[in-house]
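Peer 1: mind looking at a prediction? Sequence and model below.
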Amino acid sequence: MLRKIIVDPLARSWERCANFPNSFTFDDVSQLDQDISTTLANVREWRNSFVRLNRVPLDILSIVPTYLSSQGDRVRASFVCRHWRRTFLQHAPLWSELFLSKGETYVKTLLERAKGSTLDIVTGSNDAVDIITLLPPHNQQFRYLNFVFSHWRDIQIFSEINAGPLPLLRTIIINAVNEFNLDGPDVMTPPSLPLFSNAVNLREFSLNSERSPFLGHFVFPNLTTFELSTAPGGEGFRASELLNFLEASPTLRTVQIAIIADIILSGIPQERVVVLPNVETFSLVVDDGRPGYKIAAHISCPSVRHTLLRHETVAGMGIIQDIFPTSVSWGAIVRQYTRVPAEEVALEIKYSQDPIIACSLIFRSPDATVISLDFKVSASDEDDPEVPFEDVFSQASRTIRDHPLLPNIKRLRIEYRFLMSPSLLTRIANEVGRLFQSVGPLDELTIYGCDLRSYLTPFLNLPERNNMEQPVVFPPIKKLAISHPFMQYYEEECMAAIVELAKSQHARGVPFEHVTVCVGKLPTAMREGLRPWVAAVDCYEELCMEDFE
């Protein structure tokens, strides 16, 4: 083998030149030079094959480029040596990602290299029709389509040109933008019906549209994941379009929707409910569309594990209303998104620069099913008015009290960090009193970081105590946990009031079984003061590191 590759070509060349210089010609010398170059290249390639790195099995070497971050890196890796280049070029899946914006020659080359592999195609608004027309013979290889900042007209053209069967297409991602119009406002021309109708096995559909999402132009009966982000602006968002799309997608398992617009519910019968039997994750985020919770009430996800319903707004947009769903919508949501009644509620309110305020109300069931109701107020460009803490807390308290299966709640956690004025203290204490009056016996109550004076009003001398509707009365509680590692005000007074609370519960015949107190500075007599009235006491000091950042 070695003789055939190296020795024989040189011998033949030397024989032709044996009578040199009598029979010498330029062609003879050129042939000899070519044979020597070929021989040396073969020698170098054979020598290179003994390098340890090139003795890696081909099936392993061929997947090395899959760990490179870009296709450009893959191309550069193919120039390491002939062995690498030959191996990489013969491994068709490495060349299956096509960026149509790189031109016709590039697309033709990669289509040839990809052979019969599945194709991942990325396209945009400026891609020429001539390049798109190269794709129809490969329709049945499409696996992934990504339209980056595309006009609806371009998406429609792509769909029409590639109208053949799409049996392997699993993912479509569309980022649709307005069409720039020099003579007037930007427009979005509705496409013809339908788009990608032959993608019968599509599993994932992500649609981000600056204006109308044109959901009525898509039908994917086997869809499992749907993501929608849209901002129709002044034209509003028609909820019926969303409900129709979901109804035509019964196999969905994940649904994530974000809408920045007013919600138009007209034309939807009150009794209409779209059932999505397989959905496990459902997320609906509505910005300034106050009927957002009403959309959720028209959707039923009986197998859902995690539900997120978020209402976002901007400070200065007017009176804050519908922070959480009304009692009617809330009752429908509880029935349609839970299989087992909730047994745990967690309320958390945070103040910061942006968002100005964020409130999260989470309901957990024993089977790990979660319904999360979120509310967020972001800063505007103008001077932002203060977001009333009382409004947020009172509406969250009302939503807890409106839970249709409230007696099943066994654990309640309340967390916020907000130091209150005397007048606000009494108003929040009234709300706390209504909340505690509505819940039944609790296994556990956790109060974290709150201004404790609103909870201990019967045992404190508050300036506006006479304005209270009634004293705060704690329900029967097995375990009370009070954690306030950054409390700097009224420590001694509140700690003494906690002891009086435990004593009061004991006198009522509903003593705490376990009390845990965590504060930055624990009074020396705290543990001893609680022990006569509580079966188990756990008191310790813990500083909050956030106070030192």
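Peer 2: Thanks, I have the structure now. Source: prediction; values computed, not measured. Residues are numbered from 1 along each chain as shown.
Peer 1: residue contacts, residue 305?
Peer 2: Residue 305 makes contact with 280, 281, 368, 369, 370 under the criterion CB atoms under 8 Å, 6 or more residues apart in numbering. In short, each C-beta sits where N, CA and C put it, glycine included.
Peer 1: what's the separation between the second one and residue 174?
Peer 2: Per CB to CB, to the nearest Å, residue 281 is found 21 Å from residue 174.
Peer 1: between these two, who's got more neighbours?
Peer 2: Each of residue 281 and residue 174 has its neighbours counted (other CB atoms under 10 Å); residue 174 has more, 21 against 16.
Peer 1: wait, that one touches residue 207, no?
Peer 2: Yes. Residue 174 is within contact range of residue 207, at 5.0 Å (criterion: CB atoms under 8 Å).
Peer 1: for this protein, which residue occupies the most central location?
Peer 2: The centre of the chain sits closest to residue 256, judged by CA atoms, centre = their mean, with a distance of 7.7 Å.
Peer 1: my read: that residue touches residue 227, true?
Peer 2: Yes. Using CB under 8 Å, residue 256 is in contact with residue 227, at 4.7 Å.
Peer 1: for residue 413, give me phi and psi.
Peer 2: phi -130, psi 130 (degrees, to the nearest 10).
Peer 1: can you give me the strands for the stretch 401-549 of the chain?
Peer 2: Using DSSP state E, counting those that start in this stretch, the strands of the stretch 401-549 of the chain run over 411-416, 442-448, 477-484, 514-519, 536-541.
Peer 1: tell me where the stretch 201-350 of the chain has strands.
Peer 2: If DSSP E, counting those that start in this stretch is used as the criterion, the strands of the stretch 201-350 of the chain fall at 204-209, 225-230, 237-238, 254-260, 263-264, 274-275, 281-287, 299-300, 306-314, 344-351.
Peer 1: turn those into a markdown table, columns for mean pLDDT.
Peer 2: Output for those, formatted as a markdown table (pLDDT from 0 to 100):
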| stretch | mean pLDDT |
| --- | --- |
| strand 204-209 | 96 |
| strand 225-230 | 97 |
| strand 237-238 | 91 |
| strand 254-260 | 96 |
| strand 263-264 | 90 |
| strand 274-275 | 97 |
| strand 281-287 | 95 |
| strand 299-300 | 97 |
| strand 306-314 | 91 |
| strand 344-351 | 93 |
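Peer 1: tell me which of the ones you listed sits most buried.
Peer 2: Most buried of the strands of the stretch 201-350 of the chain, by mean neighbour count (mean count of other CB atoms under 10 Å): strand 237-238, with a mean of 24.
Peer 1: tell me which strands that one pairs with, and in which orientation.
Peer 2: Applying DSSP bridges, strand 237-238 is found paired with strand 263-264 (parallel).
Peer 1: and the contacts of the strand it pairs with?
Peer 2: Defining contact as CB under 8 Å, 6+ apart, one finds that strand 263-264 is touched by 236, 237, 238, 239, 240, 286, 289, 290, 291, 292, 294, 295.
Peer 1: any idea how far the nearest residue to residue 301 once chain neighbours are set aside is from residue 223?
Peer 2: If the residues on either side of it in the chain are set aside, residue 301 comes closest to residue 279, at 4.2 Å by CB to CB, 6 or more residues apart in numbering. Distance, residue 279 to residue 223, using CB to CB: 11 Å.
Peer 1: now residue 413
Peer 2: Residue 413 is 37 Å from residue 223, by CB to CB.
Peer 1: more neighbours, those two?
Peer 2: Between residue 413 and residue 223, counted using other CB under 10 Å, the more crowded position is residue 223 (25 against 16).
Peer 1: neighbours of the residue nearest to that one when sequence neighbours are not counted, just the number please.
Peer 2: Leaving aside its chain neighbours, residue 223 sits nearest to residue 249 (4.5 Å; criterion: CB to CB, 6+ apart). Neighbourhood size, residue 249 [other CB under 10 Å]: 23.
Peer 1: pLDDT at residue 249, what is it?
Peer 2: As predicted, residue 249 sits at a pLDDT of 96.
Peer 1: what about stretch 418-426, distance to the chain center?
Peer 2: 36 Å (CA atoms, centre = their mean, to the nearest Å).
Peer 1: mind listing what's buried along it?
Peer 2: Within stretch 418-426, the residues that count as buried by 16 or more other CB atoms under 10 Å are 418, 420, 424, 425, 426.
Peer 1: let's have those residues in a markdown table, adding pLDDT and distance to residue 500.
Peer 2: Output for the buried residues of stretch 418-426, formatted as a markdown table (pLDDT from 0 to 100; distance: CB to CB, whole Å):
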| residue | pLDDT | distance to residue 500 |
| --- | --- | --- |
| 418 | 78 | 24 |
| 420 | 80 | 21 |
| 424 | 86 | 23 |
| 425 | 86 | 18 |
| 426 | 86 | 19 |
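Peer 1: adding distance to residue 195, write the residues you listed out as CSV.
Peer 2: Listed next are the buried residues of stretch 418-426 as CSV, based on distance: CB to CB, whole Å:
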residue, distance to residue 195
418, 50
420, 55
424, 55
425, 58
426, 59
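Peer 1: quick check: domain ranges of this structure?
Peer 2: 2-48, 57-94, 96-223, 229-409, 411-549 (automatic domain parsing).
Peer 1: so what's the nearest residue to residue 228 once chain neighbours are set aside up against?
Peer 2: In space, and not counting its chain neighbours, residue 228 is closest to residue 257: 4.8 Å by CB to CB, 6+ apart. Applying CB under 8 Å, 6+ apart to residue 257 gives the contacts 227, 228, 229, 242, 283, 284, 285.
Peer 1: what's the answer for residue 377, then?
Peer 2: Counted by CB under 8 Å, 6+ apart, residue 377 has contacts 312, 313, 314, 315, 320, 355, 356, 357, 358, 387.
Peer 1: report whether it is found in a helix, as I expect.
Peer 2: No. Assigned with DSSP: H, G, I helix; E, B strand; the rest coil, residue 377 falls outside any helix and is strand.
Peer 1: which of the residues in stretch 117-134 are buried?
Peer 2: In terms of neighbour count (16+ other CB under 10 Å), stretch 117-134 has its buried residues at 117, 118, 119, 120, 121, 122, 123, 124, 125, 127, 131, 132.
Peer 1: so which of the residues you listed are in helices?
Peer 2: Per DSSP state H, helices hold the following members of those: 131, 132.
Peer 1: flag the least confident of the buried residues of stretch 117-134.
Peer 2: Lowest confidence among these: residue 127, with 73.
Peer 1: leaving out sequence neighbours, find the closest residue to that residue.
Peer 2: Counting by CB to CB, 6+ apart, residue 100 is the residue found nearest to residue 127 once chain neighbours are left out, at 4.3 Å.
Peer 1: now do residue 108
Peer 2: Spatial nearest neighbour of residue 108, excluding adjacent residues (CB to CB, 6+ apart): residue 134 at 6.5 Å.
Peer 1: one more: residue 395?
Peer 2: Nearest non-adjacent residue to residue 395 (CB to CB, 6+ apart): residue 323, at 4.4 Å.
Peer 1: pretty sure the one you found is touching residue 389, no?
Peer 2: No. Using CB under 8 Å, residue 323 is not in contact with residue 389; the gap is 12.0 Å.
Peer 1: which one's more surrounded, the two?
Peer 2: Each of residue 323 and residue 389 has its neighbours counted (other CB under 10 Å); residue 323 has more, 23 against 18.
Peer 1: contacting residues for the more buried one?
Peer 2: Residues counted as contacts of residue 323 (CB under 8 Å, 6+ apart) are 311, 359, 375, 391, 392, 395, 396.
Peer 1: who does the second one bridge with?
Peer 2: What that stands for is residue 359. residue 349, residue 375.
Peer 1: who's in contact with it?
Peer 2: Here residue 359 is in contact with 323, 347, 348, 349, 350, 374, 375, 376, 392, 396 (criterion: CB under 8 Å, 6+ apart).
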